[in-house]
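Novice: 3D model of this:
(one chain, ligands or ions: 1)
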Amino acid sequence: MPLNTKHLPTESGALIDAHLLHTIGVDPAQASHSDLMLAVSQMARTQLSERWVETQAVERQNKARRVVYLSMEFLMGRTLSNALGALELTEEAARGVKQHAQQLEDIADHEPDAALGNGGLGRLAACFLDSMATLGLPSWGYGIRYEYGMFAQHIAGGSQQEYPDPWLLDGTPWEFPRADITYPVRFGGWVEHVDGQAFWRNSGEVAAKAYDMVVPGHGTQKVSTLRLWKAVAPAHFDLGAFNTGDYHRAASAKNEFENISWVLYPNDSTPAGRELRLKQEYFFVAASMQDLIKRHLDEHPSLVNLAEHVAIHLNDTHPAIGVAELMRILCDEHDMPWADAWKLCCATFSYTNHTLMPEALETWPVSLMQHVLPRHLEIIFRINKEFLEFAAAKRPGDDQFLARLSLIGEQGERRVRMAHLSIVGSHKVNGVSALHSDLLVETIFADFAALWPERFTNMTNGVTPRRWLAQANPGLAGLLDQTLGKGWRLDLDQLQQLKAKKADATFQQSFMAVKRANKVRLAKLIEHTTGIVVSPDSLFDVQVKRIHEYKRQLLNVLHVVWRYQAILAEPHAHWVPRTVIFAGKAASSYVSAKSIIHLIHDVGNIINRDPRIGDKLKVVFIPNYGVSVAEVIMPGADLSEQISTAGTEASGTGNMKLALNGALTIGTDDGANIEIRQNVGDDNIFIFGLKTPEVKALRHSGYQPMRYYEKLPALKSVLDAIAGGGFSPDEPGRYRPLVDSLLWGGDHYMLLADFEAYIGAQAKVDALYRKPAQWCEHAIANVAGMGVFSSDRTIGEYARQIWHVAPVSRR
Ligand code: 26Q
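Specialist: Numbering: from 1, shown residues only. Now for the predicted structure:
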């Protein structure tokens with residue numbers, strides 16, 4: 001063991017001081033919170049580096065089969081607490097920090113979030129990296145080192161405003177720049193064919209520089225890697241000489257190269273068809289492919305056995321151009337015959353779909369692809385030609401079938417369908433919950449499933465219990481440790497044993513004390529960020545996720561207004577005090593989502609100030625939802641709102657984090673809610689509303705939202721109040737468009753059809769909350785049933801059924 005860590009268990013204080021003095025360059029006696037955060041991080045980083053080097057050496061020696069996880073997004077959040085947890089140094093570091101009269105939590109709060117993602121898909125990638133490292137799978141995450149991550153959300157006058165997120169401004173202790181790892185990435189130009197050989201004469205080029213982030217495994221020495229690419233001017237491009245004397249032009253030329261990795265596209269579920277986005281996709285895929293091919297050729301004489309040694313996973317279609325890129329490398333650069341290359345390609349790739357909504361499926365205009373990636377377009381055309389020949393032989397004469405399958409959409413402007421490219425180029429395609437995977441093969445991918453039924457499978461999502469229980473909820477983690485031992489962190493099924501404890505009065509008391517303390521912590525966050533004081537004795541009713549019409553935050557608001565009116569009508573009834581908590585970001589161009597945020601604030605402003613209401617009802621919106629905010633919200637929730645229109649939410653993962661932390665779910669029969677219900681039991685969840693086939697049937701039979709408005713006086717009164725300016729007296733017409741979209745615009749997500757059932761389910765919630773011991777029993781049953789939603793289970797399934805990778809052991 002190296003010298004610098006030998007005395008750590010007893011001397012982290014000294015190590016922290018040494019880092020303050022030598023690494024950070026400050027007097028330990030004068031250290032600020034940020035200085036301490038950096039010094040503790042350096043202490044952890046030192047140890048992780050050693051494990052990292054060792055892990056890489058073992059994997060090289062073993063010529064291990066590796067997983068390469070390609071994702072445009074990784075929502076990592078903060079690293080310090082997770083790193084300390086993995087090193088089992090949390091208590092030791094806390095003692096060291098105490099010598100500076102500080103609390104570790106306050107120090108850790110000074111690390112900015114690495115918010116290199118939009119939402120569920122990006123956070124799933126981060127949970128997966130944690131599980132891959134923990135399970136000891138040889139694994140690499142690849143993505144983009146965005147200079148600016150997800151925008152910071154501020155609220156001004158009730159409206160969302162977006163600010164840049166310069167998370168790298170002060171540098172980060174968690175990245176390792178790899179100065180020697182740089183690859184060229186080419187763009188544009190044309191293709192020449194000479195003697196059957198294709199030559200891509202590109203017109204542009206950038207360099208991709210590697211920056212590594214550590215991904216520590218838990219309960220193992222293994223440290224995995226997230227390699228992020230930054231775009232810079234190519235090595236041969238001499239900016240100085242480029243335009244001597246015209247400093248401005250030289251600097252703007254530099255920006256042209258670097259803008260590729262400048263900023264994350266802050267869109268969720270609606271793709272932005274912009275050239276820069278296509279360049280980002282190809283940029284990181286091309287760099288990652290060169291890197292994995294170099295690694296392969298360092299260990300093997302040729303690429304013929306590539307598929308035996310690497311499994312490449314596409315996190316949605318965003319990296320799908322990788323299929324064409326691998327074909328280009330094999331055929332154009334390594335002279336492999338097309339048919340061999342294609343076999344290899346299909347054996348190497350696998351693809352996860354995260355959405356059913358047709359508008360969210362990525363397509364690129366053929367003209368744009370021709371302009372940016374001319375050789376790839378040719379390759380896609382050839383893949384398509386051979387694929388359609390194969391399909392035509394299965395159903396001779398069925399041109400409609402072929403048109404639906406084609407990689408090229410021919411309606412209107414011709415477009416490349418990236419999902420089709422991903423399916424054709426992969427050996428496995430999965431959805432992210434049982435329902436979603438079933439719907440994929442029944443709806444948008446039905447034609448492909450007819451050709452290749454065995455290609456389609458399900459991998460229900462999961463979340464890492466290290467971050468979402470051990471780290472976010474130290475109170476509950478401590479109680480679990482006392483009750484079950486510490487093994488649940490790596491074997492979440494052990495939570496099952498809590499079932500035996502759910503009616504135990506002593507255990508219930510401890511469990512409720514933990515929940516209460518977490519609610520106090522959440523109430524402080526609410527007061528700090530909104531100025532609103534809420535009572536931890538009220539029921540904390542939580543809906544936190546991206547703001548999107550299909551997720552139906554507006555249905556939640558309808559219930560809030562219903563409740564407000566009902567309290568006013570019956571002030572002396574026995575109302576269960578509630579705090580309705582919202583958080584989430586709207587895409588900056590998504591007008592109705594932004595209007596919903598404004599409405600939540602306007603409704604809160606009226607209700608929270610109404611002296612007739614008091615603590616019976618409060619409405620708050622916590623700004624700037626992200627991983628670190630979520631780590632405070634999840635443990636403090638009593639009720640988890642998962643109320644998307646059935647058939648629209650692919651899985652959800654917030655639903656898992658909330659239930660794992662002891663919240664009861666009120667939700668529709670959608671996504672992973674269905675499997676949560678199966679695992680926690682029907683009695684421990686509030687499921688309401690139309691089911692997927694009913695949604696479909698109602699749509700087909702001619703849904704008339706106005707019928708519900710006319711039939712339900714309470715609903716009418718709620719909608720009239722909102723539309724009539726009852727919550728926006730300064731601008732009475734502000735919410736007319738929102739209400740009109742329900743009454744006259746077809747109410748696409750069927751809020752009005754589910755309203756009555758939702759109000760009924762909320763009444764059941766109240767009834768149970770009035771009996772604290774029973775509520776507590778149900779909450780414990782939820783925690784007990786959530787073991788299966790560990791991302792370790794999910795990754796274990798991917799590893800065995802899709803990737804065929806296994807942990808390596810040291811030689
Ligand atoms: C695509 C092209 C251009 C710009 C943006 C995009 C883009 C970016 C992000 C499209 C979609 C996304 C994100 C999708 C997403 O987060 N989906 C969620 O994935 C979770 C993990 O599987 C599921 O739990 C959620 O149900 C699903 O909504």
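Novice: Flag every residue of the stretch 51-200 of the chain that's near the ligand.
Specialist: With CB under 6 Å from any ligand atom as the criterion, the stretch 51-200 of the chain comes near the ligand at residues 118-121, 124. Backbone N, C-alpha and C define where each C-beta goes, glycine included.
Novice: Rebuild those as TSV, extending it with secondary structure and neighbour count.
Specialist: Formatted as TSV, these follow (DSSP: H, G, I helix; E, B strand; the rest coil; neighbours: other CB atoms under 10 Å):
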residue	secondary structure	neighbour count
118	coil	22
119	coil	21
120	helix	24
121	helix	25
124	helix	26
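Novice: need the contact list for the residue nearest to residue 747 when sequence neighbours are not counted.
Specialist: If you skip the residues right next to it in sequence, residue 747 has residue 705 as its closest partner in space, 3.9 Å away by CB to CB, 6 or more residues apart in numbering. Residue 705 makes contacts with 742-743, 746-747, 750, 752-753, as judged by CB atoms under 8 Å, 6 or more residues apart in numbering.
Novice: Then residue 421?
Specialist: Applying CB under 8 Å, 6+ apart to residue 421 gives the contacts 317, 320-321, 323-324, 380, 383, 407.
Novice: If you count neighbours, what's buried in stretch 510-520?
Specialist: With burial defined by 16 or more other CB atoms under 10 Å, the residues of stretch 510-520 counted as buried are 510-512, 514-515, 517-519.
Novice: Closest to residue 363 out of those residues?
Specialist: residue 518 (44.2 Å; CB to CB).
Novice: residue furthest from the geometric center of the protein?
Specialist: The centre of the chain is farthest from one residue, residue 195, which by CA atoms, centre = their mean lies 46.9 Å away.
Novice: where's it relative to the ligand, distance?
Specialist: The gap separating residue 195 from the ligand is 38 Å, by CB to the nearest ligand atom, to the nearest Å.
Novice: what do you get for residue 227?
Specialist: According to CB to the nearest ligand atom, residue 227 and the ligand sit 20 Å apart.
Novice: pretty sure that residue is in a helix, no?
Specialist: No: applying DSSP: H, G, I helix; E, B strand; the rest coil, one finds residue 227 to be strand, outside a helix.
Novice: pLDDT value on it, please?
Specialist: As summarised for this prediction, residue 227 has a pLDDT of 98.
Novice: so it sits right up against residue 295, yeah?
Specialist: No: applying CB atoms under 8 Å as the test, residue 227 and residue 295 come out as separate, 10.9 Å apart.
Novice: who's more crowded, the two?
Specialist: When residue 227 is set against residue 295 and neighbours are counted by other CB atoms under 10 Å, the residue ahead is residue 227, at 22 against 17.
Novice: if we take the residues of the stretch 51-200 of the chain next to the ligand, which one ends up nearest to residue 171?
Specialist: Nearest member of these to residue 171, counting by CB to CB, is residue 118, at 24.4 Å.
Novice: Which helix in this structure has the most residues?
Specialist: Of all the segments assigned as helix in the chain under DSSP state H, the longest by residue count is helix 33-61.
Novice: List the buried residues for that one?
Specialist: Buried positions in helix 33-61, judged by neighbour count with 16+ other CB under 10 Å: 35-48, 51-52, 55, 58-59.
Novice: Please apply the same query to stretch 787-795.
Specialist: Neighbour-count burial for stretch 787-795, counted by 16+ other CB under 10 Å, picks out 787-795.
Novice: just curious, which of these is nearest to residue 467?
Specialist: residue 791 (9.7 Å).
Novice: neighbours of the nearest residue to the closest one once chain neighbours are set aside, just the number please.
Specialist: Among residues not flanking residue 791 along the chain, residue 462 sits closest, at 3.7 Å (CB to CB, 6+ apart). By other CB under 10 Å, 30 other residues sit near residue 462.
Novice: And for residue 609?
Specialist: One way to gauge burial is a neighbour count; for residue 609, by other CB under 10 Å, it gives 8.
Novice: Let me see the contact set for it.
Specialist: Residues in contact with residue 609, defined by CB under 8 Å, 6+ apart, are absent; none qualify.
Novice: what pLDDT does it get?
Specialist: Looking at residue 609, its pLDDT stands at 98.
Novice: picking that back up, can you name every helix or strand that the longest helix of the chain contacts?
Specialist: For helix 33-61, the elements it packs on are helix 3-6, helix 8-19, helix 80-86, helix 90-98, helix 104-108, strand 204-216, strand 223-232, judged by 3 or more CB pairs under 8 Å, 6 or more residues apart in numbering; DSSP states H and E.
Novice: Worst mean pLDDT among the ones you listed?
Specialist: Per-stretch mean pLDDT for the helices and strands packed on helix 33-61 is lowest at helix 3-6 (a mean of 42).
Novice: got a list of what residue 737 touches?
Specialist: Residues counted as contacts of residue 737 (CB under 8 Å, 6+ apart) are 592, 595.
Novice: Could you list the contact residues of this protein toward the ligand?
Specialist: Taking CB under 6 Å from any ligand atom as the test, the list of the chain residues beside the ligand reads 118-121, 124, 265, 267-269, 271-272, 277, 354-355, 360, 362, 432, 461, 649-653, 671.
Novice: make it 8 Å
Specialist: Applying CB under 8 Å from any ligand atom, we find that the chain lies next to the ligand at 72-73, 117-124, 265, 267-274, 277, 316, 318, 352, 354-355, 360, 362, 432-433, 436, 461, 546, 649-653, 671-672.
Novice: which of these count as buried?
Specialist: Neighbour counting by 16+ other CB under 10 Å classes 72-73, 117-124, 265, 267-269, 271, 277, 316, 318, 352, 354-355, 360, 362, 432-433, 436, 461, 546, 649-653, 671-672 among the residues of the chain next to the ligand as buried.
Novice: Sort out which of those residues are in helices and list them.
Specialist: Members of those lying in helices (criterion: DSSP H): 120-124, 277, 436.
Novice: and which of those is nearest residue 220?
Specialist: Taking CB to CB as the measure, residue 124 is the one of these closest to residue 220, at 21.4 Å.
Novice: Quick check: that closest one touching residue 650?
Specialist: No: contact status for residue 124 versus residue 650: not in contact, 10.3 Å apart, counting by CB under 8 Å.
Novice: Can you work out which residues contact both of these two?
Specialist: residue 432.
Novice: follow-up on the earlier one: go through the buried residues of stretch 787-795 and say which is closest to the ligand.
Specialist: Comparing these against the ligand with CB to the nearest ligand atom places residue 794 closest, at 10.1 Å.
Novice: State the distance from that closest one to residue 298.
Specialist: Plainly put, residue 794 is 31 Å away from residue 298 if you go by CB to CB, to the nearest Å.
Novice: Also residue 595?
Specialist: For residue 595, the distance to residue 298 under the criterion CB to CB works out to 55 Å.
Novice: more crowded one of the two?
Specialist: When residue 595 and residue 298 are compared on other CB under 10 Å, the one with more neighbours turns out to be residue 595, at 20 against 9.
Novice: For that one, which non-adjacent residue is spatially closest?
Specialist: Leaving out its chain neighbours, the residue that sits closest to residue 595 by CB to CB, 6+ apart is residue 738, at 5.4 Å.
Novice: what does residue 650 give?
Specialist: Distance criterion CB to CB, 6+ apart; nearest residue to residue 650, sequence neighbours excluded, is residue 436 at 4.5 Å.
Novice: Verify the contact between residue 731 and residue 602 for me.
Specialist: No: using CB under 8 Å, residue 731 and residue 602 do not qualify as a contacting pair, with a distance of 9.3 Å.
Novice: about what we covered before: closest to residue 776 out of the helices and strands packed on helix 33-61?
Specialist: Among the helices and strands packed on helix 33-61, helix 104-108 comes nearest to residue 776, with 26.3 Å by CB to CB.
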